[in-house]
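Trainee: okay, sequence plus prediction incoming.
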Amino acid sequence: EPEVTQTPSHQVTQMGQEVILRCVPISNHLYFYWYRQILGQKVEFLVSFYNNEISEKSEIFDDQFSVERPDGSNFTLKIRSTKLEDSAMYFCASYGYTFGSGTRLTVV
Amino acid sequence: QKEVEQNSGPLSVPEGAIASLNCTYSDRGSQSFFWYRQYSGKSPELIMFIYSNGDKEDGRFTAQLNKASQYVSLLIRDSQPSDSATYLCAATGYSSASKIIFGSGTRLSIRP
C-alpha cells in the first residue's frame, strides 16, 4: 500500500534555530497537508498545499512557518526560529487523508 | 470556532463485545467525516470515512452518520485487545474541504 514517508523521525534542535521537516507524499496526489500534535493534545491542522500553492492555513501557521515543494516529490515544512512550544509531533498527509509516520520535534 | 467533540474516556469493553464510540460536530455544513485509530506514539491511521447519512460497514467496523443531529459514531464488533487505542473523530468543513478538524479522541481499552 502506498505510504507517506517523513524524515527525520526525531529532530532535536535548540531554541531559535531553523528546522526543515521533510515529507514524500503518495505519488500522483495533488493535495498535501501538515498537522501537528502536541503531546497529550489533539491533532491540529497547520496548512494545506495544492498545485504548488498554499490552499489554506490555520492561525498557528504564522510567519515563522513556510512550506515548499522544492522538487516533484518532496514536500517540506520549515520553522524559521523554533520556540519551546513548537515541540510536537508533525505529520504530513496527502489527499486520501493518509498520514505519514511523523517527525517528533523537540526544542530545547 | 468549528469543533468536533468526543468523550475522552477511557472506555473499557470486554473482549468480543461491541465498542461504541461517539462524536458530535458543530459545523452543520461539514461534508465528510473520518475515524482514525492512533496507538500511543504513532500517527493516526484512517479506519474509514463517511459522507452520506446512514451506516457504512467495513469488516468489523461500522460508521454511522446523522447529519440532522450532527452526530457520528463508530461501532467495533468482536472487539480485540489490539483494538485498544485512541480513536479520533474528524470532519471537513463546509467552507473548507481542504482541512480536517479533529476531536480530542476517545481512549478505548479492550479487557481480556
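Mentor: Yes, it's here.

Trainee: near chain B, which residues of chain A? Just list them.
Mentor: With Cβ under 8 Å from any Cβ of the partner chain as the criterion, chain A comes near chain B at residues A:31, A:33, A:41-45, A:48, A:50, A:55-56, A:58, A:89, A:91, A:96-102. Where you see a C-beta, it was placed from the backbone N, CA and C, and this is true even at glycine.

Trainee: buried ones among those residues?
Mentor: For the residues of chain A next to chain B, a burial check counting by 16 or more other Cβ atoms under 10 Å in any protein chain shown picks out A:31, A:33, A:42-45, A:48, A:55-56, A:58, A:89, A:91, A:97-100, A:102.

Trainee: just these: which are in strands?
Mentor: A:31, A:33, A:43-45, A:48, A:55-56, A:89, A:91, A:98-99 (DSSP state E).

Trainee: can you list contacts of the lowest-mean-pLDDT helix or strand in chain B?
Mentor: Among the helical and strand segments of chain B, the one scoring lowest on mean pLDDT, DSSP states H and E is strand B:100-102, with a mean of 89. Contact partners of strand B:100-102, identified using Cβ atoms under 8 Å, 6 or more residues apart in numbering or on different chains, comprise A:33, A:42-45, A:97, B:2-4, B:25, B:27, B:34, B:36, B:88-93.

Trainee: for B:Ser12, state which of the ones in strands among the buried ones among the residues of chain A next to chain B is nearest.
Mentor: Taking Cβ to Cβ as the measure, B:Ser12 sits nearest to A:Val43 out of those, at 23.7 Å.

Trainee: and A:Pro70, its phi and psi?
Mentor: Here is the backbone geometry of A:Pro70 (degrees, to the nearest 10): phi -70, psi -20.

Trainee: now for it: which residues touch it?
Mentor: By Cβ under 8 Å, 6+ apart, the contact list for A:Pro70 reads A:Thr76.

Trainee: mind checking how far it is from B:Glu57?
Mentor: A:Pro70 is 42 Å from B:Glu57, where distance means Cβ to Cβ, to the nearest Å.

Trainee: ditto for A:Gly72
Mentor: For A:Gly72, the distance to B:Glu57 - Cβ to Cβ - is 38 Å.

Trainee: which one of these two is surrounded by more residues?
Mentor: B:Glu57 (12 against 6; other Cβ atoms under 10 Å in any protein chain shown).

Trainee: pLDDT score for B:Pro112?
Mentor: In this model, B:Pro112 is scored at 91, pLDDT.

Trainee: wait, what's in contact with it?
Mentor: By Cβ under 8 Å, 6+ apart, the contact set of B:Pro112 is B:15, B:81.

Trainee: swap in A:His10?
Mentor: With contacts defined as Cβ under 8 Å, 6+ apart, A:His10 is in contact with A:103-104, A:106.
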